[in-house]
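[1] sequence? don't have it. structure:
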């Protein structure tokens, strides 16, 4: 694979996707320390919000230690070069949240929908574009749809005003060929100036291989997370990807050693549990289940005496989509009932 | 007693489903259906059932209101069109039941506050949202036992049942539902989340209601109140079902529901649409009953 000379934008997730394994409890001091560390390492873009995006604070997804506004207002003024993005899931967050993020100084808005539901993003993408923001359409659980349909959905988002479209492997299910096919399909229909990005999860240990496949197929933005801090078995570990990319001659502009230091010295000590491919995380990847369900399934499993692995397999069988955390306790109660009567 | 004649504004899925329900009503006679597309399936179905139809929008109906004795209109168009429709109909003294998220009039959730509105003679009532109709009764059931500091609902609907109007303005759903949770449900603060799931076969609408009570929840009283409320909703939505809960976890009270429709015009899985048409008809019927018995006195008459 020859990717030498390709210019790629790295986008760090540990202060947003990393909120999932931290149950949205990252402190302001930790946020600022990690963000300024990433800035010093030359990471051009980082995401900061509740794990489920703007307005995610809820019983359903968890209440965070601080509001989105508090995090954004603490982090953004401390950064020299790094820009900050905010995630927004229509149905959870609204254009009011988007406006607030803009007022806080966010440079990029990523509007996320399930891979078949792009048309719920019109009002948010249009507003973000009107505000002059770098506007990304983020198609989640992209393994659940064929490449041609994903491309059609991406085209809708482009039509609403998105200047970048993401293929998002929320379940960490995809293999490199799956990624190539989807990025190629997007590239074939989107305008040449519209960028393409890839967001990986490491549940099958494919984060790096998939990101390379994405670049080969035309992606120019790659998501990852320092030390992999993210939902499930985490995101593509960014310091590892940056080292691989640098060896391959890909131009990221990010300092290999400084990024390693952020991961090792700042992010790993923050972890409540090791971010690794345990059995449950592997099931997420194998069965194609939304990575953020991991801790919810572990908790519900413990509370109702049902194996968390069984809950996750069932969530996959039911074709649940991102955001359906409410299914987990309901399902665990049903499974416990069935078990009792068996 | 003579039925009160009604017009259905909007010949889409909602308007058409509402027609089939209204044709069975003891109090309402659907007399007109208004569309904007002569070739729409809804208008064809309406003609088949003997309703008068127009594809000229509300303006096509106005000249007929008086001679056909139309006193109630159900508006199933959109939040963008509703204000103008409402104004025109009010000028002719027609009571409007608004199924759009426009929410000009007060929110109405039949099992919670219908009698309140009817007694007041409101000329325009709003049906909140599908998620609101499915969940606000449960919030109210908890709030009538003890104060609810915060209530949050998650409505999951099949992608097929979410029409272009909902998709174009999904914020309207979250905003209107959250506001209904507070104003009608009685929670101090409300939040609403909606999820679309494209799975095939389509999933039946599911709703989760999380309430955070102020003090420790009175479990027995809350359980009884929720059960009574569900029986009340089932009177107009027979497919409204408690699946699990209430789960008590500290101050959290979580109720898991499923809403199956009657399958009149809309498929059974689309309980989210069915509960809107059923609730709107229930509202219309109560108003019609008041009108028939001469008790309905409108609060305001437009000039």
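    Perfect, I can see it now. Keep in mind it's a predicted model, so treat the numbers as computed, not measured. Residues are numbered from 1 along each chain as shown, chains lettered A, B, ... in the order given.

[2] tell me who's in contact with the nearest residue to residue A:294 once chain neighbours are set aside.
    Once flanking residues are discounted, residue A:294 sits nearest to residue A:232: 5.3 Å by CB to CB, 6 or more residues apart in numbering or on different chains. Backbone N, C-alpha and C define where each C-beta goes, glycine included. Going by CB atoms under 8 Å, 6 or more residues apart in numbering or on different chains, residue A:232 touches A:171-172, A:201-203, A:281, A:284-285, A:291-292, A:294.

[3] need the residues of chain A near chain B, please.
    Residues of chain A found near chain B (CB under 8 Å from any CB of the partner chain) are A:58-60, A:90-92, A:94-96, A:114, A:116-117, A:119-120, A:122-124, A:318-321, A:323-324, A:326-327, A:329-330, A:333-334.

[4] how is chain A partitioned into domains?
    What automatic domain parsing lists as the domains of chain A is A:9-270, A:292-341.

[5] so for residue B:49, which of those domains sits nearest?
    Set against residue B:49 and scored by CB to CB, the domains of chain A come closest in domain A:9-270, at 32.3 Å.

[6] the closest one: how far from the chain's middle?
    With CA atoms, centre = their mean, to the nearest Å as the basis, domain A:9-270 stands 5 Å off its chain's centre.

[7] now do the strands in chain A.
    A:9-12, A:45-47, A:83-88, A:108-114, A:134-140, A:164-168, A:195-199, A:221-224 (DSSP state E).

[8] CSV for those strands, including mean neighbour count?
    Shown next, in CSV, are the strands of chain A (neighbours: other CB atoms under 10 Å in any protein chain shown):
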stretch, mean neighbour count
strand A:9-12, 26
strand A:45-47, 23
strand A:83-88, 25
strand A:108-114, 28
strand A:134-140, 25
strand A:164-168, 28
strand A:195-199, 25
strand A:221-224, 28
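
[9] distance to residue B:239 and mean pLDDT for the ones you listed - can I get that in JSON lines?
    Below are these laid out as JSON lines (distance: least, CB to CB, whole Å; pLDDT from 0 to 100):
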{"stretch": "strand A:9-12", "distance to residue B:239": "45", "mean pLDDT": "98"}
{"stretch": "strand A:45-47", "distance to residue B:239": "41", "mean pLDDT": "98"}
{"stretch": "strand A:83-88", "distance to residue B:239": "33", "mean pLDDT": "98"}
{"stretch": "strand A:108-114", "distance to residue B:239": "25", "mean pLDDT": "98"}
{"stretch": "strand A:134-140", "distance to residue B:239": "30", "mean pLDDT": "98"}
{"stretch": "strand A:164-168", "distance to residue B:239": "35", "mean pLDDT": "98"}
{"stretch": "strand A:195-199", "distance to residue B:239": "38", "mean pLDDT": "98"}
{"stretch": "strand A:221-224", "distance to residue B:239": "42", "mean pLDDT": "98"}
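
[10] those: which one's closest to residue B:171?
    That would be strand A:83-88 among the strands of chain A, by CB to CB, at 10.6 Å.

[11] who touches the closest one?
    Outside strand A:83-88, the residues touching it (CB under 8 Å, 6+ apart) are A:11, A:16, A:35, A:44-49, A:52-55, A:68, A:72, A:75-76, A:97-98, A:101, A:105-112, A:124, A:134, A:136, A:138.

[12] partner strands of it, with direction?
    strand A:45-47 (parallel), strand A:108-114 (parallel) (DSSP bridges).

[13] nothing else from me, thank you.
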